[in-house]
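Trainee: Sequence and predicted structure below; questions after.
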There are 2 protein chains.
Amino acid sequence: MRALVTGGAGFIGSHVVDRLLADGHAVVAYDNFATGQERFLEEASRHSQCQVVRGDILDRETLGSAVSGCDIVFHFAANADVRFGVDCPERDLRQNTIGTFTVLETMRIHGVRRIVFPSTGSVYGEPDVFPTPEDAPFPRQTSLYGAAKLAGEALVSAYCEAFGFRGYVFRFVSILGERYSHGHVFDFYRQLREHPEELRVLGDGHQRKSYLYVHDCLDAMWCALEQASDPVNIFNLGTDEYCEVNDSVRWITEGLGLAPALSYAGGVRGWVGDSPFIFLDCGRIRALGWRPRVSIREGIERTLRYLQANAWLLDAR
Amino acid sequence: MRALVTGGAGFIGSHVVDRLLADGHAVVAYDNFATGQERFLEEASRHSQCQVVRGDILDRETLGSAVSGCDIVFHFAANADVRFGVDCPERDLRQNTIGTFTVLETMRIHGVRRIVFPSTGSVYGEPDVFPTPEDAPFPRQTSLYGAAKLAGEALVSAYCEAFGFRGYVFRFVSILGERYSHGHVFDFYRQLREHPEELRVLGDGHQRKSYLYVHDCLDAMWCALEQASDPVNIFNLGTDEYCEVNDSVRWITEGLGLAPALSYAGGVRGWVGDSPFIFLDCGRIRALGWRPRVSIREGIERTLRYLQANAWLLDAR
């Protein structure tokens, strides 16, 4: 099989590249390296079956050459940060909605019809049902990021119906692990590296979140790809547990042997569009036999150890 | 109050312009006249409180000048045809998703924060629950049109959350009535005018649809605008009845005194992305006191009489 991985030099995308190569597939790792890291592809790029292409997903010509001859696209290029929509509303539209459209349209033109699309638990807005199942009541969007990802999901579904595509849509909780390069563990670690005696926390610290370790996330996607074969296959991906931001703060500071003074920005949300409680019902993917192997706490600790060993990443952005 | 109506020369948009003027408001009717008709604004344009602006919603400069100083935007400019997504997937993206984003962003820049957004029952895809309520299970999109409108809804909601907008989202069944210029009554009438002895019907004729008369639709929107004041207000708008395409065929042919031979394209859907059964639960808007006054049959007959008296419209597209 030949696979295109957009965002192939990103946090999750580069793990997808590695896994596909390990499984014996040919891979085109496609990235504009705006936030992707060449070092994430250091090993992969030496593999005879791997081709690294520097290109933007909005550049139809370069993308078309890359997608041509592929059997499947893992579309991981995206603005992955839910926090900054308010500062730059156009970024989510361009990189997530128009980007996903361009990938689908380029696939259609080149006769490639299988797509894996990472979405987000943020598409549930602020749900009333916990854990939140895939068929929760029609949600109201509360973030530009969620809105853009929902638009991407909708486009994937419409292409499946109209053009015989098969789509795999995964609604992630926050993903953690090696190569993690944005989000709260990253932010906390960077703060504490500069000022070990103080830590500023967005919100009131009581936001409840679920996290999934990146290799568990990949196991789940592989499980679905092997067993699910509807035109559109939608799965929540998360753990059966959640923690408070304050739990995470404790695990991180203990892991670093620090006892910083904590200050809270206040409010039940960390930022505009932050959902104070994310906890997904993952019964659908579990019914296919998948189980996460790493707890939230262990995932946070592994992420921390990775960041400690890869300080270059803190200066890379 | 000063209102901008995008798509102000369109079928529904021009009625919105007329109603606003009749209520004593100042109106900017904005249209690129791609499908809008100058004749729909003939009366309005002579009104001292009405300004007609020729512009595209993707032209930020012209749109910005038009929106500046307004209190509310009725965003009715759109590709309103669900049928042709497959032939031109980019049209729904540009005119509906990017268009809606551009309107919202221009409103934000100019400090205008109230928006009325017409969506569609198509966002429910092919639902399992009938009549379908606003909080039906999270739907899977089956048309590019529905996907683009869902993206528009999501953007409106996200702007309400992020920037203090107030949004009114109306999920319409098909709207009928004076100035109706696309859709099945239009298509059937045009066919029968050219060839009174035969009529070609898409699908098997058993598709079940709900239709709403345009002035009932406006009454419902006005009712919601007066009484609903959440940050995001979402309402289904339809009638409590539905009919088969075959019923509509009978009413139209009887109304014209014709007995054409019928031929069916076949299949449960009229086209890719057509939903074989659209029937919305309108309890939410009814709870505010609104009732439709015109039945589906009467709405179809009025539409037919309008088209008979305005044959120019059949040649205008």
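Mentor: Structure's in. What do you need?

Trainee: For stretch A:259-272, give the mean pLDDT please.
Mentor: Mean pLDDT, taken over the full extent of stretch A:259-272, equals 90.

Trainee: Alpha carbons only: can I get that stretch in CSV?
Mentor: The C-alpha coordinates for stretch A:259-272 follow below in CSV (Å, rounded to 0.1, in the frame of the first residue of the first chain):
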residue,chain,number,x,y,z
ALA,A,259,7.0,23.1,44.2
PRO,A,260,6.1,26.3,42.4
ALA,A,261,3.7,29.0,43.6
LEU,A,262,0.5,28.5,41.5
SER,A,263,-1.5,31.4,40.1
TYR,A,264,-4.8,30.9,38.4
ALA,A,265,-6.2,33.1,35.6
GLY,A,266,-9.6,32.1,36.9
GLY,A,267,-12.9,31.2,35.3
VAL,A,268,-14.2,27.7,34.5
ARG,A,269,-12.7,27.8,31.0
GLY,A,270,-9.0,28.2,30.2
TRP,A,271,-9.7,30.3,27.1
VAL,A,272,-12.6,31.3,24.9
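
Trainee: which bits of the stretch 151-300 of chain A sit near chain B?
Mentor: Residues of the stretch 151-300 of chain A found near chain B (C-beta under 8 Å from any C-beta of the partner chain) are A:151, A:153-155, A:157-159, A:161-163, A:232, A:234, A:272-273. The C-beta positions use only the backbone N, C-alpha and C, and glycine is treated the same way.

Trainee: which two from those end up farthest apart in space?
Mentor: A:F163 and A:V272 (36.2 Å; C-beta to C-beta).

Trainee: Strands along the stretch 51-200 of chain A, start to end?
Mentor: Ranges of strands in the stretch 51-200 of chain A, per DSSP state E, counting those that start in this stretch, are A:72-75, A:114-120, A:166-172, A:174-176, A:198-201.

Trainee: can you list the ones you listed in a markdown table and add mean neighbour count?
Mentor: Formatted as a markdown table, these follow (neighbours: other C-beta atoms under 10 Å in any protein chain shown):
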| stretch | mean neighbour count |
| --- | --- |
| strand A:72-75 | 25 |
| strand A:114-120 | 23 |
| strand A:166-172 | 22 |
| strand A:174-176 | 25 |
| strand A:198-201 | 17 |
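
Trainee: Quick one: those as TSV, columns for distance to B:A311 and mean pLDDT too.
Mentor: Conversion of the strands of the stretch 51-200 of chain A to TSV gives the following (distance: least, C-beta to C-beta, whole Å; pLDDT from 0 to 100):
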stretch	distance to B:A311	mean pLDDT
strand A:72-75	49	98
strand A:114-120	47	97
strand A:166-172	45	98
strand A:174-176	60	95
strand A:198-201	69	95
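
Trainee: and the angle for the longest helix seen in chain A with strand A:166-172?
Mentor: In terms of residue count, the longest helix belonging to chain A (DSSP state H) is helix A:144-163. For helix A:144-163 against strand A:166-172, the angle by axes from the mean of the first three to the mean of the last three C-alpha atoms, to 10 degrees is 160 degrees.

Trainee: what does the average pLDDT come to for helix A:144-163?
Mentor: 95.

Trainee: Can I get it as CSV, trimmed to CA atoms?
Mentor: In CSV, the C-alpha atoms belonging to helix A:144-163 read as follows (Å, rounded to 0.1, in the frame of the first residue of the first chain):
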residue,chain,number,x,y,z
LEU,A,144,-13.6,28.2,15.8
TYR,A,145,-11.3,25.1,16.0
GLY,A,146,-14.3,22.8,16.7
ALA,A,147,-16.3,24.6,14.0
ALA,A,148,-13.5,24.1,11.4
LYS,A,149,-13.0,20.4,12.3
LEU,A,150,-16.8,19.8,12.2
ALA,A,151,-16.8,21.3,8.7
GLY,A,152,-13.9,19.0,7.8
GLU,A,153,-15.9,16.0,9.1
ALA,A,154,-19.0,17.1,7.1
LEU,A,155,-16.9,17.4,3.9
VAL,A,156,-15.4,13.9,4.4
SER,A,157,-18.9,12.5,4.8
ALA,A,158,-20.3,14.3,1.8
TYR,A,159,-17.4,13.1,-0.3
CYS,A,160,-18.1,9.5,0.8
GLU,A,161,-21.7,9.8,-0.2
ALA,A,162,-21.1,11.7,-3.5
PHE,A,163,-17.9,10.1,-4.8
